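Student: pasting the sequence and the predicted model now:
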Amino acid sequence: MINEEVVEEVLRGHLEASKWAIPRVVKVFISSTRTDFQEERKILLEQVGPEIQDMFDNTGLEVELVDMHYGTGQDVHLDPFQFDDHLHEIKRCHKVSRGCFYLCLIGEKTTPSPLPASLPANQVTTLKERLGDEIDTLYPPDENGSDAVRSLRRPGDISDEDWHKRMTTLIDQLKELGEECPPQLRRSAVEHQFQVAAELNPECMLGVIRAWEGTQTEPENLKSGQRIWQCLEDTLPGDNVVKLTVPWKGGGVDPDFNEHDEYISSFQETITDKLKMLINKSIEENPEINARNKPNQEVFKEALVHLALCQKHVNTTLKEVDWSGSPTLDHIKHLMTSATTRHGPILVQGGHGSGKTALINTIYVRCEEWFGKKALRIIRFAGMTPRSSYNLELLRIICSQLTLLLQPSAPCIPRDASFDPLYVNNWFQTLVRRFDIDAPDGAGHLVIILIDDLHRLNPLDSDIVAALSWLPISLPSNIHIVATTSVPPDVLKLTPVQREKFRAAECYLELPPASEKSLESKVEKALDELAEDIGSTAMARLSSQLTIAEFGLSETELLELLMPTSGDVLELSDGFFNFSTLCSVLRKMMNRDLLREKFMSGRVLLCWKHELTSKAARKRYLLQQDTTRALHAEIANLFFSEIATQQQTQQEGTVQSHEEGKQTPFQSSLQANDVTYSLRHVEESWIHLLKSGDSSRLKQLTMCNFDFLLAAVRTVSVSYLRSILEHVRCYLLDRELELVYYTVRKSSDVLTRDTLQFGAQLICWLRSVADSSGELMARLMLSAMAWCDGYTDPLLVPLTGWLHPPLPLQIKNVVVNGGVNLIEPTPSAQHIVVVPHTGDPQLWHVMSNTLVTTFKGHSGRVLCIAMTKQSQYLLTGGEDTSIIIWDLKTFELKLRIYEHMKHQFCA
């Protein structure tokens, strides 16, 4: 199937097209015995993996080599449950990896396989006739009544000593049965892993056979080794088999021994070349699907991500929550199919666990059957991707997709386009009218737009009346919009007319409330069981990272956060993970329906499966704000690891001033030029800098950094950049941020047509104020000019700046109740203390216009306030003749002074 056909299928919403959501991942499972190939595995992790990553960095590939022996204290092949997890991991590697998914290192040592973690029930019955009741002790009948499979009893069910004794006895008995013995026990551990991988795809496997020169091998090991050598040569293509010899030396491979050093160099070079060959072959034979230009590609990728999410829900959630034949689904079907004239959209409200997402996916699957013809289906899960998290971006991408559906050969962005909220609103309304008037008859006539979790769209400042004002209250008979939300229509940012419309029975449905306490108790129970199984410290670390991630973390990112690289034994009891334990824990979490894998931006990201799970984990593990901020800073440092290890000597002896709430334990000096910005930086990194409370790093590394701003405009869009700048402005009042934000707003029309003009636009608007606005703006201007100078194609670049700064006279209004008698800004300028005409002093956050706290302590009117400039204290005095000192960080009353006899008019 050619590219254009695949793109059209995805844009039309064919669920089968979700198979084209192919991750840009190279994940290779390394299989070997524990005591053998120690130096080789070290070289693979420390040299080969990073080298392959550097080679394919420009393609967006993420490279991960998985060594299950790394950081372990004992042989993981001896644990039947971990061994089973490793077999499952091989299948996961095959599912996601490009090129190579399995690397087998074969020497002359072998390790026996442990008992299978499960056996078919009929096989257990057969073996029971030969072995007696002993097998029933380790493979008991399933308590749930399932007769298909019997699982191996875990050590905790009986004493450890008894369990190991029974397991050893059973293994010996089974091996005496010959061909009747389970295949896993007839093979060595590495051999069985190889056979599991070979059944998946031998073409994407790599095998290394290493032979010692000048040593005698034990007959038993020699026989087992020769068998797997022969099997490897017979199974894999010749180019995928590497044979190496190395002189024998006591103690194994020694890199300080010259001949062994040459062997290690040869091993590294050969494996690197082989992996590169397999990856290139995969890319050539199965290239990534691309649309004909960048705007179309952006729409295609976003539609594909949500199709893949929908397919996962269909495969899992619909089996858990079945709406088939329900009155609610029948009512929605009636509303949609009976709409022969103009009608309104349908809004479905339901709380956590009510089945909103399952309902949306059921409608998506069934709607063509209801209408008896093909439909153009668009589905979005709000908040699941960066482009579906902001109202402007969500609507813009939907408009582009509708444009391509209406005119497939035309550009998806009109020539007069502007990514301004008002323009995008009108664009959507125009497209709805065009589908009603101009759409051709047949398959393209019926349009169904489904949006899940409308309430998760980030509320940002906007020039238009309400953020959701684009939602039509009247639709043609051939266009249907169904959206879900967990909050009532009165809470959503709708216009008064829309709210009135959604009170009508034909436009508003309320799902029966689910027992949220019951669901939350199930989640709590699952978290408790896992914490008991793996340890509370490890569970807290992993759950905390998953909870604070905005869109999810890849397995590689999780390992960088949770697995130290010191080479020591990593124990879960200390809160440290290794490849083996993380693999096992993630599988347990998925089996308990706590976790899911999400395809986004070419990566496979891990995140909580349900919002309720995230809520429970946050309540349990993230109670302290300082802890949450430190974790956000830790993830931010992961994205900016190039600067996280800067020498601290530059900071010694230097007095640094910090804004309130800005301090984190991860402060480091900044050299923004050392950072290479990727799509993951644009999507995830900035939000963690914001939530860590470090506004200085936020500005220097992202919001006032030319490379980041350019990457956001080029890899996503100017509307996305505008959205995240507005997001930051909801929390921070800062002149430098305001300059960048209003520059982007002023440049929106130009950058919509040509993103390469971003540098020139910055120079036009900010050159006149750059020198007088501090080092950060001067560096931003210098970077913009350097980029323009270094760009090879022709650019229109102004040599002088004549435009006035884009800042308006008024940035923000703060509306308070009770009028204003006194007002004082905090030292950070993020808050103001207001004394109303009547009542106690209040602390307001400026940019979000929210009341933070009220200072209750005076018995009469407050007549004066003062703020200390170098600390976080507020002084208030009033008619009660007292002066109170308040701590602005804890909001506690620190001191009350009664030394005066009259009213206090100044402090």
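Tutor: Yep, that arrived.
Student: helices of the stretch 501-650 of the chain, start to end?
Tutor: Per DSSP state H, counting those that start in this stretch, the stretch 501-650 of the chain carries helices over the ranges 516-534, 536-548, 555-562, 579-591, 611-621, 625-639, 641-644.
Student: how about the stretch 51-200 of the chain?
Tutor: Going by DSSP H, counting those that start in this stretch, the stretch 51-200 of the chain shows helices at 80-96, 121-131, 134-138, 160-175, 183-186, 189-198.
Student: where does the stretch 401-550 of the chain dip in pLDDT?
Tutor: Counting by pLDDT under 70, the ranges of the stretch 401-550 of the chain that qualify are 438-444, 461-465.
Student: in it, which spans are strands?
Tutor: Counting by DSSP state E, counting those that start in this stretch, the stretch 401-550 of the chain has these strands, from start to end: 447-452, 479-485, 508-510.
Student: closest one to Glu16 among those?
Tutor: strand 447-452 (17.0 Å; C-beta to C-beta). Every C-beta, even on glycine, is put in place using the N, C-alpha and C of the backbone.
Student: tell me the helices and strands packed up against the closest one.
Tutor: Applying 3 or more C-beta pairs under 8 Å, 6 or more residues apart in numbering; DSSP states H and E, one finds that strand 447-452 makes contact with helix 356-371, strand 376-381, helix 391-406, strand 479-485.
Student: dump these to a markdown table, plus distance to Val769 and mean neighbour count.
Tutor: Converted to a markdown table, the helices and strands packed on strand 447-452 look like this (distance: least, C-beta to C-beta, whole Å; neighbours: other C-beta atoms under 10 Å):
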| stretch | distance to Val769 | mean neighbour count |
| --- | --- | --- |
| helix 356-371 | 48 | 20 |
| strand 376-381 | 39 | 24 |
| helix 391-406 | 27 | 24 |
| strand 479-485 | 43 | 23 |
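Student: kindly reformat these as JSON lines containing distance to Arg603.
Tutor: Listed next are the helices and strands packed on strand 447-452 as JSON lines, based on distance: least, C-beta to C-beta, whole Å:
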{"stretch": "helix 356-371", "distance to Arg603": "22"}
{"stretch": "strand 376-381", "distance to Arg603": "17"}
{"stretch": "helix 391-406", "distance to Arg603": "19"}
{"stretch": "strand 479-485", "distance to Arg603": "27"}
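Student: those: which one's closest to Val25?
Tutor: Taking C-beta to C-beta, strand 376-381 is the member of the helices and strands packed on strand 447-452 nearest to Val25, at 21.8 Å.
Student: angle of the closest one against helix 356-371?
Tutor: Counting by axes from the mean of the first three to the mean of the last three C-alpha atoms, to 10 degrees, strand 376-381 lies at 170 degrees to helix 356-371.
Student: the inter-axis angle of strand 376-381 versus strand 479-485?
Tutor: 10 degrees.
Student: other residues contacting strand 376-381?
Tutor: By C-beta atoms under 8 Å, 6 or more residues apart in numbering, the residues outside strand 376-381 that reach it are 12-13, 303, 306-307, 309-310, 357, 360, 364, 367-368, 388, 394, 398, 401-402, 405, 443-444, 446-453.
Student: ditto for stretch 237-246
Tutor: Applying C-beta under 8 Å, 6+ apart, the set of residues contacting stretch 237-246 is 202-203, 205-213, 232-233, 253, 259-260, 263, 266-267, 270-271, 274, 277-278.
Student: only the buried subset of those residues, as a ChimeraX command please.
Tutor: Burial among the contacts of stretch 237-246 is assessed by 16 or more other C-beta atoms under 10 Å; the matching ChimeraX selection reads:
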select :202,205,206,207,208,209,210,211,212,232,253,260,263,267,270,271,274,278
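Student: okay, and which of the contacts of stretch 237-246 map to helices?
Tutor: Members of the contacts of stretch 237-246 lying in helices (criterion: DSSP state H): Leu232, Glu233, Glu259, His260, Tyr263, Ser266, Phe267, Thr270, Ile271, Lys274, Met277, Leu278.
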